[in-house]
Each structure stands twice: as structure tokens, then as C-alpha cells.
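Student: this one's structure only:
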Ligand code: IVH
């Protein structure tokens with residue numbers, strides 16, 4: 001990459017980092033997970049490390065948090081509030097200790113004693129006490145300058161307002177963490193993603209009376225500027241903090257030896273789910289203040305401390321219960337209800353167990369201690385079980401033989417293609433007999449790719465179902481709005497909006513309608529194929545009387561599995577009734593049938609580069625409407641390569657080698673007797 005490109009890439013990442021920072025620190029509304037945030041930070045630092053010319057005042061190497069927000073007066077810290085470097089493995093810790101030993105010019109057998117303190121995931125604050133009086137409290141801000149949040153901090157009970165102990169230094173900044181206990185977060189979880197955001201948001205209320213309403217806690221662990229501090233060790237300082245009336249972490253320990261640090265780390269990680277506060281690692285500090293002073297700082301972190309972080313996508317917790325959820329297609333999915341735990345900034349209380357086979361294979365039981373993984377946006381799942389922690393009286397989980405919703409027999413189907421019995425157990429009921437399946441069908445019906453009725457989400461489906469306003473899809477178009485208007489949370493305006501959104505969707509394309517029915521194995525693509533084949537709703541509906549299923553096999557892309565599923569759908573009387581009722585209330589647009597003998601019959605196309613005035617999706621439709629086909633790579637099967645702006649050279653070269661026609665957009669349009 002040339003310098004210019006690197007600079008552009010770097011600037012882009014810096015802009016993104018600035019934005020994430022702002023949302024995280026100033027607005028308390030993170031845009032991305034902690035892991036993505038940290039990853040971006042690492043990428044920027046890596047670039048700066050390789051390309052020394054890169055620099056920005058917004059680089060993570062320059063500032064700790066985000067600049068203080070404008071709501072509060074700003075003030076400089078008397079001693080900067082530093083950040084901590086991170087360690088993720090035993091190896092990182094060994095390196096950390098080695099560097100310290102080298103720096104202090106000690107032998108390898110020099111015993112370093114650490115203060116090991118669980119790292120509470122909250123908001124740090126610096127409290128200035130002069131002559132024992134709490135005078136001012138600052139947030140961390142960018143580490144150099146913080147926000148004056150004295151009035152808000154003063155509402156916190158854990159922060160002593162006056163300390164008369166004779167040992168208390170006459171001028172000191174006491175530093176620690178403001179946080180919300182998990183049990184208190186329960187009442188705030190509708191508003192915030194995790195306790196940390198809740199603490200940050202509450203602390204930044206403009207009116208201290210609003211802060212007062214939130215049960216914020218404070219734990220002390222460090223100091224900034226000081227005059228008259230007599231202690232020489234962190235462990236002694238922590239003890240004194242207790243005597244002076246501050247809260248300290250009950251899990252703080254003094255430890256020496258990396259092996260012992262790791263043992264303590266594992267022990268605490270196992271306890272995490274049972275703690276009433278979120279921790280995201282353990283902070284190790286050299287216990288001796290003289291050594292701390294000698295070691296000093298690097299950039300914006302001390303050399304004498306490190307944070308041993310817990311994995312940002314895994315955590316240990318307990319399985320409280322195993323619930324069986326029934327999906328739209330009747331699939332029974334076991335879900336582990338776990339003791340809520342913060343994994344990378346997201347509170348996880350459910351983990352999927354996939355299916356019956358998975359439970360049996362891993363012998364997962366209620367009461368087990370499990371490692372839960374949350375990777376990307378996928379549903380968290382159970383990685384493993386700690387058999388040693390299993391309770392003596394625990395019992396194997398017996399998967400229900402009957403549907404937990406409607407009581408019908410459950411079955412495991414034989415898959416003709418794989419010649420294996422399905423891993424998934426299903427409720428054998430059909431149509432709208434099973435309550436859970438019906439609700440899920442309705443949720444699917446209003447979902448984004450289906451009817452996409454604005455303001456009609458899953459919660460509303462559940463609520464209207466409970467109130468018996470809904471049972472079948474057609475009921476959506478026959479709602480009694482006068483009843484809705486009287487419900488809690490609804491008013492004239494919201495009902496008016498709902499009526500508008502529903503009426504708007506009464507005009508629907510055939511393919512969306514077919515997809516909305518939620519026929520098993522008929523997803524968006526298949527619904528499209530079927531709509532092209534039938535062209536009108538009445539012809540599609542006719543399947544119930546004509547039952548010309550064999551013909552469907554001629555549709556390219558539709559196989560036996562799909563046809564079977566369509567057959568089952570049409571053999572159910574309730575489904576037919578739903579179709580008849582929908583026909584009465586909807587206006588279904590006919591599909592344009594692709595001509596079988598169009599101008600592009602038996603011809604295949606591939607596009608490379610950007611086209612002018614037409615999207616790839618539209619071009620694909622255009623090709624298909626004229627009986628042509630698109631392929632995804634250059635091969636002997638390709639007839640025409642259409643070249644747009646900035647094409648891939650390799651594709652053109654390959655096409656030429658294979659003597660494939662290489663044409664531009666205008667030539668393609670001429671093939672259709674069109675000019676572009
Ligand atoms: S010491 C220079 N001790 O971790 C020392 N920090 O990334 C820095 N934290 O901003 C602070 N528990 O919000 C220290 N026992 C503890 C801590 C702790 C949590 C947080 C604090 C700090 C961040 C460092």
C-alpha cells in the first residue's frame with residue numbers, strides 16, 4: 001500500500017474511533033461491543049507502530065477516555081488519571097514481571113508482591129479531600145482534564161463527606177470506581193445495555209436530584225495527588241481506606257508469583273456470576289509504593305500495574321433452568337436460562353442448546369456450571385460444562401416427548417437426502433393448532449422481509465395474542481381499533497399510525513405474500529420462484545384443488561423437499577381458510593412472468609465493475625425476465641462478460657482466454673433492443 005492509501009485508511013479508523021468514543025464516554029450509549037472497540041484501538045496502534053508518520057490527536061495513544069462533555073465545568077486533575085495496559089494470558093504476565101525485574105535491575109529470584117484487585121467495570125472518579133472535607137469530585141475525562149461532577153458524586157452514600165481520622169492526609173485525591181450493583185441494575189435494564197452504561201448515564205445527569213434516585217456505589221482503590229499519606233504499601237493503604245469510611249473490594253488480596261496470580265484469576269472468574277458487581281478482570285499493582293515510584297509511567301499507563309482481563313466473549317455461569325422453545329416450524333429448541341452475566345458489555349441470560357442431540361451429547365443438566373460463549377451477533381451458546389462442579393443429586397435432562405405448548409406428539413423426521421434422522425425434534429401439529437407455533441407464524445407474517453408492518457413488532461403480536469385480538473394472519477386486517485385505543489401505552493395518534501401502516505401493506509406482491517405464509521422450506525428465494533411460476537394469487541391458491549404438484553418440480557431451484565412442504569401446507573384446512581380470508585382483505589399484485597423464449601434464451605452473463613444507472617440486482621432481474629441466466633464466475637459455462645467501470649482485470653483476462661464474449665453495458669442493452 002502506498003503512503004496516501006495508508007493515511008486514508010488510518011484517518012478512517014481514527015474517525016470511527018472518535019465516534020465510538022463519543023458514544024461510549026459522552027452519551028453512555030456504545031455503538032459497538034467492547035471487543036470491537038478494543039479491536040479498532042489495537043488496529044490503530046498497530047498501524048502507528050508500523051508507519052511512524054501516522055499520528056492524530058484523536059489517537060487512542062493520546063487519550064484515555066473522551067473529552068469531557070459540555071454539560072459540566074471542566075477541571076484539570078492534579079495528577080493525571082492513567083489507564084492500564086492489558087494482559088490476556090499467563091505469558092503476558094510473565095513478560096510484565098520480566099520487564100519490571102529488568103527495569104529495577106533485580107535478579108530473577110526477586111520476589112514481587114502484588115496487590116490483586118478485581119477490576120470493577122464502572123466509571124472512575126477522583127475525590128479531593130482537604131482537611132478531611134470532600135471538596136470536589138472529577139470524572140476521568142481524557143485523563144488530564146475531567147468534568148466537575150461534585151454535586152452528583154455527593155449524592156452517593158458510599159462517599160464520606162467528612163473524615164476526621166487523625167491519620168487521614170490533609171490533602172488527597174481518593175480515586176475509585178462508581179458503579180451500580182447487578183441487583184439494582186435489574187430495575188434499569190430497560191434503559192441501559194449494562195450496569196456500566198447505567199452508572200455512567202446516572203452520574204452525568206444534569207440535575208443531582210436525578211442522580212440521587214439511582215443507587216450508585218463507590219469503591220476506593222487508588223490516590224492521585226497527596227500530601228501527608230503515611231502508608232508505604234498498597235495493601236496498607238487499602239486497609240486504611242476501610243478505616244476512613246470508604247468501601248474497598250472484599251476480594252482484594254496480596255499475592256506473589258505468577259502461578260498464584262493465575263490461580264486467583266481462575267478462582268475469581270469462577271465466582272463472577274455470583275458477585276453483585278460486574279468485573280472485567282483483575283488489576284495487579286506492585287504493592288510497594290517506593291518501587292511504584294521508581295517504575296513510573298509509560299505513555300498513559302503505569303509500568304507498575306497491569307489489568308489481567310477476562311475473555312470478552314466467554315464467561316462462566318450457572319444453568320438455572322432448561323426451557324423448550326417452540327419455533328414457527330414446530331422445531332423444539334432447548335434454551336439454557338443462565339445466571340445473568342456480562343459478556344463483553346452485553347448481559348447474557350439465555351444460551352441456546354441447539355437441539356436434543358446436543359444436550360445428550362454434552363449431557364447438559366440444570367444446575368451445571370458452564371462456559372458460555374457470545375461471538376459476534378449470534379445467539380450465545382454453551383461451550384462446555386464443568387463436570388467437577390456438578391451437584392451430586394443432578395439428573396439427566398429428559399427431552400419432552402410432547403410439545404410443551406399444545407401437547408401434540410413430537411417427532412424427529414427422516415431426511416431423505418442425508419438419509420439420517422433429523423437432530424431437531426418437532427411438534428407434529430399442523431396449521432394453527434399449536435399456540436406457540438401460531439404466535440411465531442404471526443411474528444413471521446409481520447416481519448421485515450414479509451409484510452413489514454411498521455410499528456407492528458413481535459411484542460405487539462404477543463400482546464394482541466394474549467388479549468385475543470389475533471389468532472390468524474387475516475385478523476391483522478380486521479382489528480378492532482376502538483379496543484386498542486383503550487390499551488395502556490396506546491392513544492389516538494399511535495392507533496392512527498397503526499391503521500395507516502396496516503392499510504398501506506394491504507397492497508402486496510405475490511412473492512412477499514407467499515413468503516409471509518411461513519411455509520417450511522419456502523424462504524425469500526423460493527417464494528420468488530413460486531410467484532414467478534404462478535403469477536397470480538388465485539393460481540397459487542388453486543393448488544389446493546388442482547394439486548398439480550409434480551409440475552412444481554420443473555421450477556429451477558424447487559426440489560422435492562419444498563414440494564413436499566407445499567403439499568403439507570395445502571392439505572391443511574386452516575391454511576386454506578387463511579388463504580381465502582386473506583384474499584378478501586388484500587390486493588395481491590401479479591408477478592411478471594419471465595418469458596421462456598426471451599431474447600437472452602440459453603445465454604449466461606456475468607458482470608464485473610460498476611454499471612451505469614442500473615444496479616446489479618436490477619440487471620439480474622432484467623436478464624432473467626428475458627430468459628437469460630447469471631452465473632457467479634468466469635468458466636466455460638459463461639457466454640457474456642459485461643464490463644462496467646473499474647472491472648476486475650483477471651476476469652477479463654480469463655474470459656479472453658476462454659474466448660468468451662466481452663461486452664460493455666451499451667452492447668448488452670442493444671442485445672435487448674434497448675439503448676441505455
Ligand atoms: S488503578 C494507574 N485499580 O480500570 C492506575 N483501576 O483501565 C489506574 N479500575 O480507569 C487505576 N478497578 O476505571 C485501578 N482496583 C483498581 C481498579 C481500577 C477498576 C478501572 C479504573 C481505571 C481503569 C484502568
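Tutor: Arrived safely. The model shown is predicted, which means the values in this text are computed figures rather than measured ones. Numbering: from 1, shown residues only.

Student: Residue 501 is in contact with residue 454, correct?
Tutor: Yes. Residue 454 is in contact with residue 501 according to Cβ atoms under 8 Å; the separation is 4.2 Å. For every residue, glycine as well, the C-beta is placed using N, CA and C.

Student: where do the strands sit along the stretch 201-350 of the chain?
Tutor: Remark: strands assigned in the stretch 201-350 of the chain by DSSP state E, counting those that start in this stretch are 216-227, 253-256, 279-286, 297-298, 301-302, 305-309, 314-326, 332-343, 346-352.

Student: Return the set of buried residues in the first one.
Tutor: What that stands for is strand 216-227. Residues 216, 217, 218, 219, 220, 221, 222, 223, 224, 226 are the ones in strand 216-227 that count as buried (16 or more other Cβ atoms under 10 Å).

Student: Residue 454 and residue 501: which is more packed in?
Tutor: Each of residue 454 and residue 501 has its neighbours counted (other Cβ atoms under 10 Å); residue 501 has more, 16 against 13.

Student: Go ahead and report the secondary structure state at that one.
Tutor: At residue 501 the chain is in helix, as set by DSSP: H, G, I helix; E, B strand; the rest coil.

Student: Low-confidence stretches in the stretch 151-300 of the chain?
Tutor: Within the stretch 151-300 of the chain, no stretch has pLDDT under 70.

Student: closest to residue 284 among the buried residues of strand 216-227?
Tutor: Of all the buried residues of strand 216-227, residue 284 sits closest to residue 221, with 12.3 Å by Cβ to Cβ.

Student: OK, contacts around the closest one?
Tutor: 117, 175, 176, 177, 238, 241, 248, 249, 252, 283 (Cβ atoms under 8 Å, 6 or more residues apart in numbering).

Student: Try it again at 7 Å.
Tutor: 117, 175, 176, 248 (Cβ atoms under 7 Å, 6 or more residues apart in numbering).

Student: where does this protein come near the ligand, residue by residue?
Tutor: 82-84, 117, 119-120, 124, 140, 177, 221-222, 283, 302, 305, 307 (Cβ under 6 Å from any ligand atom).

Student: The same query, at a cut-off of 8 Å, please.
Tutor: 64, 81-84, 117-124, 140, 175-177, 219, 221-222, 249, 252, 279, 283, 285, 297, 301-302, 305, 307 (Cβ under 8 Å from any ligand atom).

Student: buried subset of those?
Tutor: 64, 81-84, 117-124, 140, 175-177, 219, 221-222, 249, 252, 279, 283, 285, 301-302, 305, 307.

Student: per-residue pLDDT, residue 70?
Tutor: Among the per-residue scores, residue 70 shows a pLDDT of 53.

Student: remind me which residues of the stretch 451-600 of the chain are low pLDDT?
Tutor: Using pLDDT under 70, nothing in the stretch 451-600 of the chain is flagged.

Student: in it, what residue is nearest the ligand?
Tutor: With Cβ to the nearest ligand atom as the measure, residue 459 is the residue of the stretch 451-600 of the chain nearest to the ligand, at 35.8 Å.

Student: returning to that earlier point: tell me which of the strands of the stretch 201-350 of the chain sits nearest to residue 495.
Tutor: With Cβ to Cβ as the criterion, residue 495 lies closest to strand 314-326 of these, at 31.0 Å.

Student: Could you list the low-pLDDT ranges of the stretch 1-150 of the chain?
Tutor: Within the stretch 1-150 of the chain, the ranges that satisfy pLDDT under 70 run 25-26, 28, 62-70.
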